[in-house]
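Colleague: here is my input; please provide its structure:
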Amino acid sequence: MKVSVIGTGYVGLVSGVCLADKGHEVVCVDIDPKKVDRINRADPPIHERGLDELLEKNIGTHLRATTDLATAVRESDLSLIAVGTPFKGDEIDLRYIRQAAADIGNALRGKNGYHVVIVKSTVVPGTTENVVLPELERASGKKAGVDFGVGMNPEFLREGEAIEDFMSPDRIVLGGIDERTTDVLAELYSVFQDVPKIRTSPRTAEMIKYTANSLLATMISFSNEIGNLAASLGGIDVVEVMRGVHLDKRLTPILADGRRVVPGFTTYLEAGCGFGGSCFPKDVKALIAHGEKAGSPMRLLAQVVQVNERQPARVIELIKKHHASLDGLSVAVLGVAFKPGTDDIRESPALPVLETLLAEGAKVTVFDPIAVEPLQAAYPSQPIRYAEKLTDATTSADVIVLMTRWPEFKELPSLLSGRDPQPLVVDGRRMLDKASVARYEGIGLTPVA
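Modeller: Modelled structure (predicted):
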């Protein structure tokens, strides 16, 4: 099929590159000519494992980028809207969705033949039918369901694993206003064999996305609530608690040969310094706001957000158990990306920790394998020292705070072996063995006095 992808952010570019690699003819559209130029040079503007190889493989053959939306739409069979939907306090901001729909509609005004417009951006239930569809009809002068199709196809991509998730999906949700739209979507994804495909309405497709993200966020905040209680009671380690919970065969089934299956979702049932990123915080808050407007308050999800927003403060509390004043304290912050495998610092729990440390006079050194540039851009005038290596960051630190689960941080115990005096290690991700360093504090743990 011939596909135009509107928006070359995280979702749009990954979707476009992967669909091109599956044999579709894809044109990625963006208003930023510099971004377009980078893509056409096979230089990915975002960090994602495996993206550079697929871009290099497909650019100039099955894939190209352009700023010319109208031509891209007219020369394609299907358009995917993959623009940002930031949360603005009381609802998601639909300005980019509306603009994309209007631009596509204007292009369709001059196009003969049937075209399908699919929303891939995360939008609250009802947006595709109540916002996108009318805007398309207004701008095109045509009728949805007759001259063009409209649908919703949510993404389930984990940052850092997005290529793998797109190429080996666990489900594909096909939401359409009618069977013809859904059939076109099914044709687009026919290259993915033996994958469950759910045919449904646009608003149900929208709800599936929000429900999936809200469930995972709830699991994290639940685990953190348990961890905080364990720390308050003393003599309990939440890591051991959750290990015992994970052994429930309903969570980790036991096969006939005795082997145990450990599903990936169990990683969300672990305590830490909280969730971040571009999806979970925004999506849960958006669903809460949407529920309020619909007269159905989302009380549980409101608590999920509150627990998460309080969690970074736990890290500061653990430091202050040993250092009443942060003024002049040398603190190494290891990791500022919200998760390993990405340079995305949006809503990262590391940010409020950094801000508190700086506000209270700590001398802060930061090390992250790939997320330094975004942090420098976000905090251009802050007195932060940036280390190029793990050893450089930790050599003279009084306190080492581990905020991102980067694999290389497992080397920390060996780096600290034999050092005198030993720094305090505050493990915000509980990724180190608590006995592996001399002075250890971790989320969900209060050693017996």
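
Colleague: contacting residues for Phe409?
Modeller: Leu334, Gly335, Leu390, Leu402, Met431, Leu432 (C-beta atoms under 8 Å, 6 or more residues apart in numbering). Backbone N, C-alpha and C define where each C-beta goes, glycine included.

Colleague: could you list the paired strands of whichever strand or helix holds Val26 along with their orientation?
Modeller: Element membership of Val26 [criterion: DSSP states H and E] is strand 25-29. Strand 25-29 pairs in its sheet with strand 2-6 (parallel), strand 63-66 (parallel), by DSSP bridges.

Colleague: most neighbours per residue, which of the ones you listed?
Modeller: strand 2-6 (a mean of 25; mean count of other C-beta atoms under 10 Å).

Colleague: which strands and helices sit next to the helix or strand following that one?
Modeller: Using DSSP H and E, the helix or strand that follows strand 2-6 in sequence is helix 10-21. Helix 10-21 is packed against strand 2-6, strand 25-29, helix 51-58, strand 63-66, strand 78-81, helix 162-167, with contacts defined by 3 or more C-beta pairs under 8 Å, 6 or more residues apart in numbering; DSSP states H and E.

Colleague: hmm, back to that, identify the residues contacting the strand holding Val26?
Modeller: With C-beta under 8 Å, 6+ apart, strand 25-29 has contacts from 1-8, 12-13, 16-17, 19-20, 36, 39, 58, 62-69, 72, 75-76.

Colleague: model confidence over that strand, on average?
Modeller: For strand 25-29, the mean per-residue pLDDT is 98.

Colleague: relative to helix 10-21, how tilted is that strand?
Modeller: 160 degrees (axes from the mean of the first three to the mean of the last three C-alpha atoms, to 10 degrees).

Colleague: run the chain-centre distance for stretch 184-199.
Modeller: With C-alpha atoms, centre = their mean, to the nearest Å as the basis, stretch 184-199 stands 24 Å off its chain's centre.

Colleague: so what touches that stretch?
Modeller: Here stretch 184-199 has contacts from 1, 3, 19, 22-24, 77-78, 116, 118, 149, 151, 153, 169-174, 176, 182, 205, 208, using C-beta under 8 Å, 6+ apart.

Colleague: quick one: end-to-end distance for that stretch.
Modeller: End-to-end distance of stretch 184-199 (C-alpha to C-alpha, to the nearest Å): 12 Å.

Colleague: just the buried ones from the contacts of stretch 184-199?
Modeller: Among these, the ones that count as buried by 16 or more other C-beta atoms under 10 Å are 1, 3, 19, 22, 24, 77-78, 116, 118, 149, 151, 153, 169, 172-174, 176, 182, 205, 208.

Colleague: alright, that wraps it up for me.
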